[in-house]
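Q: Build me a model:
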Amino acid sequence: MRATRQVCLQPDEGDGVVVTVRELTVAEVRSALLSDEAIGDPLQSLVFDGFGLGDLLAQCDASAADLERFTPSELAPLVDACKDLNPFFFRVRAVLARSASEVLAAVEQMSLTAPAAS
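A: Okay, here's the model as predicted:
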């Protein structure tokens, strides 16, 4: 049975929200990380170091509008619950990010060392 956890997010002002985090299946991890939608909103992808708001959205029942009204520090309990229930997701995401960085570095190196076209 899939594990779930409820997290109460409370902003400094206004009403809080209860978010349910769910453990992802292997297929859901694949879809979240390897689909065209995985790129998402550029600003949302930079909210946290190494992952984005879209990654959290894939693991819980909140909407982007629900989460965007919180500061990154107010989202910390949600981040902790997602990391606890979905270590596989974050491990795969880190490997993909590292691989992409290595490919980019290799391409940049080749462009610097390639002979000029005549």
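
Q: where in this protein is pLDDT low?
A: 36-40, 114, 116-118 (pLDDT under 70).

Q: Could you find the residue nearest the spatial middle of it?
A: Centroid-nearest residue in the chain, with Cα atoms, centre = their mean: Asp55, separated by 2.8 Å.

Q: now that one: how far from Val79?
A: Distance of Asp55 to Val79, given as Cβ to Cβ, to the nearest Å: 9 Å. (Each C-beta comes from the backbone N, C-alpha and C, glycine too.)

Q: about what we covered before: correct me if wrong: the residue nearest to the centre of the chain contacts Glu28.
A: No - between Asp55 and Glu28 there is no contact under Cβ atoms under 8 Å: 11.7 Å.

Q: List the buried residues in stretch 43-50.
A: Neighbour-count burial for stretch 43-50 flags 44, 47 (criterion: 16 or more other Cβ atoms under 10 Å).

Q: So what touches it?
A: 39, 52-54, 64, 68, 72, 75, 79, 90, 93-94, 97 (Cβ atoms under 8 Å, 6 or more residues apart in numbering).

Q: Could you do stretch 76-90 as well?
A: 3-5, 7-9, 19, 21-24, 26, 29, 32-33, 48, 50-51, 55-56, 58-60, 62, 67.

Q: Which ChimeraX command selects the buried ones in the residues you listed?
A: Entered in ChimeraX, the line below selects the buried ones among those, by 16+ other Cβ under 10 Å:
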select :5,7,9,19,21,22,23,24,29,32,33,51,55,56,58,59,60,62,67
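
Q: Okay, and which of the contacts of stretch 76-90 map to helices?
A: Of the positions in these, 26, 29, 32-33, 55-56, 67 sit in helices, assigned by DSSP state H.
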